[in-house]
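[1] here's my sequence, what's the structure:
(one chain, ligands or ions: 2)
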Amino acid sequence: MKAHSDSPPAFSWDDWYAGLGGREINIPEVDELLHQIFHEQFPRFVGKVAEEKKTFRDPEEASRHLKAKAQEFGADIVGICEIEPSDIYRGRAIEERFAIAVGGRMRYRAFQTVPSKESAIECIRVYYELGETVIALADYIRGMGYSCEIEHPIGDSNLLHIPIGLKAGFGELGRHGSIIHPKLGPLFRMGSVATSIPMATDHPIDAGIAAFCDKCKACRIYCPANAIPDDRSPEAGKDHLGYDRYVVDTGKCFPYFKKYNYCSACLPVCVYNHKEWARDFEGFETKKFPDVIFKDPPDAYDGVASEKKHSYPRIRR
Ligand code: SF4
Ligand code: SF4
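    Ligands and ions are numbered 1, 2, ... in the order given. Below is the predicted model:
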């Protein structure tokens, strides 16, 4: 399946970093995890497909089985959706029909001060852990006699993670541009494995979260780069519930997170993190609200060639 002609291009991070003088974040633990992702995980994306196919009674059984396996391999949340051309980055293609989306929780206790080295390490730790999850799931699917493709959470994937996550029922799109899960809030990362095994699919949810964003502006107020908007943008297309989208100004956001440990302040300040679960799921005491370090934002910069610029996909209902 090829991408829709309206699909956005994959963002060219290397060009973008080069335009701003290269990468700045220098944290040994982050460097080590990135090395492991690119040099140890990426080569494990492919494998041999078994000759004999496991059969399932019906798509529901296949779905249940693979969701249980994904959780066994480390996913905190799992959902399944059918891939559409608008879910694929411009100029790319995918052979498979369904995406098994997996999410990995980031620990709120690592986001008590943002931006910080702790929060940066936690982001990359979850990319790594979830990378292990999608590789294990893909190996398992090939072992059952089916082909599949890995969409690693760290990026340069063929699929756009956010539309896939929304269709797979992970939550609703927040003002800060991330999906908010009813239980995990926005502090999670996503990846997926695409396969054509016939499976029952999930659907977008309406838990009143996106509607609540119209009344809450916590992320807008606490964004140090002033990148989160006051209003929705009708020209940016609809989300899966039919709302106009909020569009984060990436020209302001990206330079800030490049300079200050991937920022991420908008995630832990989101009110969906710390109502009942400030104990961080595992009993760790946490602050109810993180300390956000406000520094003077760098100049806005969105300087890659226009055909490679980040743009928000027009999600179709
Ligand atoms: S990552 Fe930081 S700069 Fe970017 S939108 Fe979130 S709070 Fe603002
Ligand atoms: S902080 Fe408030 S406005 Fe921002 S995404 Fe979370 S709920 Fe929505």
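
[2] which residue ranges form the strands in the stretch 201-317 of the chain?
    233-238, 244-245, 291-292 (DSSP state E, counting those that start in this stretch).

[3] so what's whatever residue of the stretch 1-150 of the chain ends up closest to ligand 1 up against?
    Going by Cβ to the nearest ligand atom, ligand 1 is nearest to Pro115 of the stretch 1-150 of the chain, at 7.2 Å. All C-beta spots, glycine's among them, are computed from the backbone N, C-alpha and C. Neighbour list for Pro115: Phe257, Tyr260, Asn261, Tyr262, Cys263, Ser264, Ala265, Ile293 [criterion: Cβ atoms under 8 Å, 6 or more residues apart in numbering].

[4] and Glu95, by the same measure?
    So Glu95 contacts Met1, Ser147, Glu149, Ala194, Ser196 (Cβ under 8 Å, 6+ apart).

[5] tell me the pLDDT of the residue nearest to Gly145 when sequence neighbours are not counted.
    Spatial nearest neighbour of Gly145, excluding adjacent residues (Cβ to Cβ, 6 or more residues apart in numbering): Lys53 at 3.5 Å. According to the prediction, Lys53 has pLDDT 96.

[6] kindly report the same for Lys117.
    On pLDDT, Lys117 comes in at 96.

[7] likewise Glu235?
    Value for Glu235, per-residue pLDDT: 84.

[8] swap in Phe38?
    Confidence at Phe38, expressed as pLDDT, is 95.

[9] the one 5 residues further on now?
    The predicted local distance difference test score for Pro43 is 96.

[10] that's a helix at it, yeah?
    Yes - counting by DSSP: H, G, I helix; E, B strand; the rest coil, Pro43 is part of a helix.

[11] quick revisit: return the most buried member of the strands of the stretch 201-317 of the chain.
    Of the strands of the stretch 201-317 of the chain, the one with the most neighbours on average (mean count of other Cβ atoms under 10 Å) is strand 244-245, at a mean of 18.

[12] what's in contact with it?
    By Cβ under 8 Å, 6+ apart, the list of residues contacting strand 244-245 from outside reads Leu173, Arg232, Ser233, Pro234, Ala236, Gly237, Lys238, Asp239, Tyr312, Ile315.

[13] look up how far Pro28 lies from Phe45.
    Per Cβ to Cβ, to the nearest Å, Phe45 is found 26 Å from Pro28.

[14] an error on my part: the question was meant for Ala207.
    Going from Ala207 to Pro28 by Cβ to Cβ gives 40 Å.

[15] ok, these two, which is more surrounded?
    Neighbour count, other Cβ atoms under 10 Å: between Ala207 and Pro28, Ala207 has more, with 14 against 9.

[16] mind checking the SS state of Arg142?
    What three-state DSSP gives for Arg142 is helix.

[17] got it, and Ile150?
    Under three-state DSSP, Ile150 comes out as strand.

[18] now do the same contact list for it.
    Phe45, Val134, Ile135, Ala138, Gly191, Val193.

[19] same question, Cys223
    Under the criterion of Cβ under 8 Å, 6+ apart, the neighbours of Cys223 are His176, Cys253, Ala265, Cys266.

[20] lowest-confidence one in these?
    For the contacts of Cys223, the pLDDT minimum is Cys253, 92.

[21] ok, now how distant is that residue from ligand 2?
    14 Å (Cβ to the nearest ligand atom, to the nearest Å).

[22] which parts of the stretch 201-317 of the chain sit against ligand 1?
    By Cβ under 6 Å from any ligand atom, the residues of the stretch 201-317 of the chain that approach ligand 1 are 223-225, 227-228, 248, 253, 256-257, 263-266.

[23] list just the nearest of these to Lys167.
    Val248 (20.7 Å; Cβ to Cβ).
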